[in-house]
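>>> generate a structure from the sequence data that follows.
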Amino acid sequence: MDDVLVEVDARLRVSLGKLGLTPHSRYLVTKEADGRLIFTPAAVVPEVEARFLANSELVERIAANRADPSRMVRRQRG
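Residues are numbered from 1 along each chain as shown. Model (predicted):
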């Protein structure tokens, strides 16, 4: 991508529309020592989901169970 000049307004805001970024609504911004700002698209997940995803053993067990249809148990609703 070619460099694009982005100007800061009086309230220190910039418009990212000129950059042709994909339409993300949230970014994680990292400020480098030399002043560069790195924008990384981000997603917000609930804390309980983050704790679940951090438990790699549990995630692996669930993936293994889902990969083997004989392990699935059909539940009756009602």
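>>> does the spatially closest residue to residue 41 that is not a sequence neighbour sit in a helix, a strand or a coil?
Spatial nearest neighbour of residue 41, chain neighbours left out: residue 24 (4.2 Å); criterion: C-beta to C-beta, 6 or more residues apart in numbering. Yep, even glycine has a C-beta here, placed from its N, CA and C like the rest. Using DSSP: H, G, I helix; E, B strand; the rest coil, the structure places residue 24 in coil.
>>> correct me, but residue 24 touches residue 44?
No - under the criterion of C-beta atoms under 8 Å, residue 24 makes no contact with residue 44, lying 11.6 Å away.
>>> return the distance of the residue nearest to residue 41 relative to residue 32.
20 Å (C-beta to C-beta, to the nearest Å).
>>> the more surrounded of the two?
residue 24 (12 against 8; other C-beta atoms under 10 Å).
>>> and the more buried one, how far from residue 43?
Residue 24 is 9 Å from residue 43, where distance means C-beta to C-beta.
>>> repeat that for residue 8.
For residue 8, the distance to residue 43 - C-beta to C-beta - is 27 Å.
>>> show the average pLDDT along stretch 71-78.
When pLDDT is averaged along stretch 71-78, the result is 81.
>>> stretch 12-28 too?
79.
>>> now the end-to-end length of that stretch.
18 Å (C-alpha to C-alpha, to the nearest Å).
>>> same question for stretch 60-78.
Across stretch 60-78, first to last residue, C-alpha to C-alpha, it's 30 Å.
>>> which residues touch it?
Outside stretch 60-78, no residue is within contact range by C-beta atoms under 8 Å, 6 or more residues apart in numbering.
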